[in-house]
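Student: Mind folding the following:
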Amino acid sequence: MRKQLVIGIFALMFTLTAAAGAQEDKSKRPSPPGTAEATLQGKKIKIDYSRPYLKGRHVGQELAPFGRVWRTGANEATTLTTEASLNIGGTSVPAGTYTLYSLPSEGTWKLIINKQTGQWGTEYDEKQDLARVDLKKSQTKAPVEQFTISFDKKGNDSADLVLEWENIRLTVPVKVQ
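Tutor: Okay, the predicted model is just below:
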């Protein structure tokens, strides 16, 4: 009886240790998590994404290749969650959760707002697209080593969504409807 109890305790400890090891610390990934948030008219808008580094590579080539849908970050799909209905680059986006992809190009990049959520970043289904909107492209003031998404608030009800990496700055206006 005592031997079974000891074996049971060791089995339980092993199970708990294995479960604890399964809880990955995402901050230690090569592309750690990031969050961009804005509050417009009292409503929260949040983007969760992973932040890859250049590490000597180039956007449009090894990273975010031109002409191919890109997950707009790394790892899990980048998610946009909004408490308010928005106008993003002229497109109506109802309150809810979406996945953000991008279509990089030498010219105009597109931001893809996709209705499918919860998938790994490379699992893209074009049939789930809510919209594709143009991103305004310009140069960053200084090189950006780690991919960054942010909001540049313009007023109580609007902001620019900003994506920066290498020497590329991409923006699209976001306004509460």
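Student: which residues in this protein form helices?
Tutor: 2-22 (DSSP state H).
Student: Mind naming the longest strand for it?
Tutor: Ordering each strand of the chain by length in residues (DSSP state E) puts strand 129-153 first.
Student: Show me how far that strand is from its chain's centre.
Tutor: Distance of strand 129-153 from its chain centroid, counting by CA atoms, centre = their mean, to the nearest Å, is 12 Å.
Student: buried stuff in it?
Tutor: Going by neighbour count (16 or more other CB atoms under 10 Å), the buried part of strand 129-153 is 129-133, 135, 137, 144, 147-151. All C-beta spots, glycine's among them, are computed from the backbone N, C-alpha and C.
Student: do stretch 37-52 as well
Tutor: Buried residues in stretch 37-52 (16+ other CB under 10 Å): 38, 40, 45, 46, 47, 48, 49, 50, 51, 52.
Student: what helices or strands is the longest strand of the chain leaning on?
Tutor: strand 33-40, strand 43-50, strand 91-93, strand 96-103, strand 109-114, strand 158-176 (3 or more CB pairs under 8 Å, 6 or more residues apart in numbering; DSSP states H and E).
Student: Which member of the buried residues of strand 129-153 is positioned nearest residue 67?
Tutor: residue 132 (14.0 Å; CB to CB).
Student: ok, and the closest non-adjacent residue to that closest one?
Tutor: residue 110 (4.6 Å; CB to CB, 6 or more residues apart in numbering).
Student: Correct me if wrong: that neighbour contacts residue 137.
Tutor: No: with contact defined as CB atoms under 8 Å, residue 110 does not count as touching residue 137 (10.9 Å).
Student: shaky segments in this protein?
Tutor: Scanning the chain for pLDDT under 70 picks out 1-24, 27, 29-30.
Student: could you redo the last one with a cut-off of 90?
Tutor: Residues of the chain that meet the criterion pLDDT under 90 lie in 1-32, 60, 119-123.
Student: ok, residue 103 - how many residues close by?
Tutor: A count of nearby residues for residue 103, using other CB atoms under 10 Å, gives 18.
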